[in-house]
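**Student:** give me coordinates for this.
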Amino acid sequence: MKGIIGKKLGMTRIFNERGESVPVTVIEAGPCPVVAVKTEETDGYNAVQIGFGRRKPANVNLPRKGHFEKAGVEPAKVLREIRVKDPSGYEVGGWIKADLFQVGDLVRVTGYSKGKGFQGVVKRWGFRGAPDSHGSRNHREPGSIGQCATPARVWKNRKLPGRTGNERTTVRNLEIVQVDADRNLIAVKGAVPGHRNGYVIVSADE
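**Tutor:** Below you'll find the model as predicted:
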């Protein structure tokens, strides 16, 4: 599996050859320096550790600063590992850029969904709610949540109010519509998790 770290810039639309409007998400994909290469022999699994963005050296702690100096790259703002089948094609100090993907490739995008705070059951789970008239006093309340004597408790996994969003989410089978290798931009058909300027991982959907 090949992948790259990117930043969600926002959504727009483009027109294909047939004149159809296609909604796309523009992602700044890379360039990502290769900080470390993990192999089955040394680490027990195959993976590539890559970075994205730049961080001031004064804002990096000593262990991580030494980690970047050993790789010969500048401190990165984001550091992630991506599992690969064959790590032999990667070299520490190398770069992964947007030309890793081609138009028509299917990818999966992983990021953190937008946080919405503490929400009720109507917004969190899509409950219909009670009537808005005729004397109803629980318009957006969840209603009955358990039984009386048996089992005398509330069942686990009951859909109730709580924190909504800000969860690691993956959207699969997204098609790459455009690739701008010079500016490290890729346009993915459809929406991806997260807010603007949020970090995502774009990997091949294999």
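
**Student:** which ones are touching Val103?
**Tutor:** Going by C-beta atoms under 8 Å, 6 or more residues apart in numbering, Val103 touches 176-179. Quick note: C-beta positions are derived from backbone N, CA and C, even for glycine.

**Student:** try it again at 6 Å.
**Tutor:** Residues in contact with Val103, defined by C-beta atoms under 6 Å, 6 or more residues apart in numbering, are 176, 179.

**Student:** element containing it?
**Tutor:** Assigned by DSSP states H and E, Val103 belongs to no helix or strand.

**Student:** tell me the pLDDT of it.
**Tutor:** Per-residue confidence at Val103 stands at 88 (pLDDT).

**Student:** quick check: it vs Ile186, distance?
**Tutor:** Using C-beta to C-beta, to the nearest Å, one gets 9 Å for the distance from Val103 to Ile186.

**Student:** please apply the same query to Arg54.
**Tutor:** Counting by C-beta to C-beta - Arg54 and Ile186 are separated by 20 Å.

**Student:** pick out whichever of those two has more residues nearby.
**Tutor:** Ile186 (29 against 10; other C-beta atoms under 10 Å).

**Student:** beta partners for the more buried one?
**Tutor:** Counting by DSSP bridges, Ile186 is bridged to Ile27, Val179.

**Student:** quick one: contacts for it?
**Tutor:** Counting by C-beta under 6 Å, 6+ apart, Ile186 makes contact with 27, 29, 98, 176, 179.

**Student:** Ser203 now?
**Tutor:** If you count contacts by C-beta under 6 Å, 6+ apart, Ser203 has them with 1, 3, 108.

**Student:** which residues of this protein score low on pLDDT?
**Tutor:** 206 (pLDDT under 70).

**Student:** Lys65: which element?
**Tutor:** Using DSSP H and E, Lys65 maps to helix 62-71.

**Student:** CA atoms of that helix as PDB?
**Tutor:** Taking Å, rounded to 0.1, in the frame of the first residue of the first chain, the C-alpha atoms of helix 62-71 are listed here in PDB:
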ATOM      1  CA  LEU A  62      15.300  16.700  22.000                       C
ATOM      2  CA  PRO A  63      14.300  13.100  21.300                       C
ATOM      3  CA  ARG A  64      12.300  14.000  18.200                       C
ATOM      4  CA  LYS A  65      14.900  16.500  17.100                       C
ATOM      5  CA  GLY A  66      17.600  13.800  17.200                       C
ATOM      6  CA  HIS A  67      15.200  11.500  15.200                       C
ATOM      7  CA  PHE A  68      15.000  14.100  12.400                       C
ATOM      8  CA  GLU A  69      18.700  14.900  12.500                       C
ATOM      9  CA  LYS A  70      19.500  11.200  12.100                       C
ATOM     10  CA  ALA A  71      17.300  11.100   9.000                       C
END
